[in-house]
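J.: no FASTA, just this:
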């Protein structure tokens, strides 16, 4: 372990202007609350509604749980920092934030891939669906997603703690991430940068390839379905595709190219740390009659029970 003189870090933040920061606070606080409430509603609805017993909703409830956790590793600190003159985080706190950010982020990537596999089996092998995607298999796929996220995150942290941090302690970002932290290390980080890029990049590219492949196969298969069957299958897939594009687009833009200090990078990061987790429950519920009906039934039942 290298000598490390840095015990706390100063975060530059998203914008320097105090007025703009206050406006951001007013904008982002409701967005974060909507993320927690919206995804929380999905978790509760899926777990308490008998009509949402299919594997698709089982995976959706875990995706929503991961969304809440993923957003909560960055956004609460970011929002409170918007009102602070000097934004400080301890070095250990910074490493903790990086660990959980990557843990939940990669778990989400794996869950999205699992959900694409679920749609592929449902549409391309409907007669064998219940045997292939049985409840034990669902649990195994979810557990594997969490485990994959954990292994990925441990590698990222192991690479980072090997580096010496001896002087500069100002991070040019609004939360702790690997590229901004590597810039203030007192050593050449090109090798570590390659390890981190291949670790994040390989997972993103392979998962994205699997997702695209599964949807190409689904589209080819749908040609033999009736018009009504095609419409129903496409409506369940469309929500998933929208979520995948919203999540992977910005992430690939940031991690699959050399890092820079542009404000655009921070704004792109805002999109996938703050905005996307809020949009997911909206996308899944607005496009899905079963989820909307289940929510209505569940809350109407609760209202009648409380009367």
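T.: Okay, I see it. Values in this document were obtained by computation on a predicted structure and should not be read as measured data.

J.: only C-alpha atoms from now on, for both contacts and neighbour counts.
T.: Fine.

J.: tell me the contacts of the residue lying closest to residue 128 once chain neighbours are set aside?
T.: Ranked by CA to CA, 6 or more residues apart in numbering and with sequence neighbours excluded, the top spatial neighbour of residue 128 is residue 121, at 7.9 Å. Taking CA atoms under 8 Å, 6 or more residues apart in numbering, we find residue 121 in contact with 128, 129, 132, 133.

J.: now, of the residues you listed, which are buried?
T.: Neighbour-count burial (16 or more other CA atoms under 10 Å) is assigned, among the contacts of residue 121, to 129, 132, 133.

J.: the residue nearest to residue 128: which element?
T.: Assigned by DSSP states H and E, residue 121 belongs to helix 91-124.

J.: between the buried ones among the contacts of residue 121, which sits nearest residue 94?
T.: residue 133 (39.0 Å; CA to CA).

J.: re earlier: report the distance from the helix holding residue 121 to the chain centre.
T.: Mean-position distance between helix 91-124 and its chain equals 6 Å (CA atoms, centre = their mean, to the nearest Å).

J.: report the buried residues of that helix.
T.: For helix 91-124, by 16+ other CA under 10 Å, it's 91, 94-95, 97-124.

J.: residue 192 and residue 157 touch, don't they?
T.: No. If you go by CA atoms under 8 Å, residue 192 and residue 157 don't touch, sitting 10.8 Å apart.

J.: let me have the contacts of residue 121 in CSV, extended by distance to residue 149 and secondary structure.
T.: Putting these into CSV (distance: CA to CA, whole Å; DSSP: H, G, I helix; E, B strand; the rest coil) gives the following:
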residue, distance to residue 149, secondary structure
128, 29, helix
129, 27, helix
132, 24, helix
133, 22, coil
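
J.: tabulate these (JSON lines), appending pLDDT and distance to residue 204.
T.: Below are those laid out as JSON lines (pLDDT from 0 to 100; distance: CA to CA, whole Å):
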{"residue": "128", "pLDDT": "87", "distance to residue 204": "29"}
{"residue": "129", "pLDDT": "88", "distance to residue 204": "27"}
{"residue": "132", "pLDDT": "90", "distance to residue 204": "25"}
{"residue": "133", "pLDDT": "90", "distance to residue 204": "24"}
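
J.: so where do the helices sit in the chain?
T.: Along the chain, counting by DSSP state H, helices occupy 18-48, 55-81, 91-124, 129-132, 135-161, 178-183, 190-222, 227-255, 263-270, 276-286, 289-306.

J.: residues making contact with stretch 124-137?
T.: 55, 118, 121, 122, 218, 221.

J.: at 7 Å what do you get?
T.: Under the contact criterion CA atoms under 7 Å, 6 or more residues apart in numbering, stretch 124-137 has outside partners 121, 122, 218, 221.

J.: what does stretch 89-98 give?
T.: Contact partners of stretch 89-98, identified using CA under 7 Å, 6+ apart, comprise 6, 7, 8, 9, 10, 73, 176, 177.

J.: what about it, distance to the chain center?
T.: 19 Å.

J.: so where's this protein uncertain?
T.: Scanning the chain for pLDDT under 70 picks out the ranges 1-4, 254-264, 286-287, 301-307.

J.: tell me which residue is most central in it.
T.: With distances taken as CA atoms, centre = their mean, the chain has residue 105 as the residue nearest its mean C-alpha position (4.3 Å).

J.: so it touches residue 69, yeah?
T.: No. If you go by CA atoms under 7 Å, residue 105 and residue 69 don't touch, sitting 9.4 Å apart.

J.: shared neighbours of those two, anything?
T.: Counting by CA under 7 Å, 6+ apart, residue 105 and residue 69 have no common neighbour.

J.: thinking again about what came up before, using TSV, lay out the helices of the chain together with distance to residue 168.
T.: TSV is the format used below for the helices of the chain (distance: least, CA to CA, whole Å):
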stretch	distance to residue 168
helix 18-48	24
helix 55-81	20
helix 91-124	12
helix 129-132	54
helix 135-161	16
helix 178-183	9
helix 190-222	18
helix 227-255	23
helix 263-270	20
helix 276-286	32
helix 289-306	50
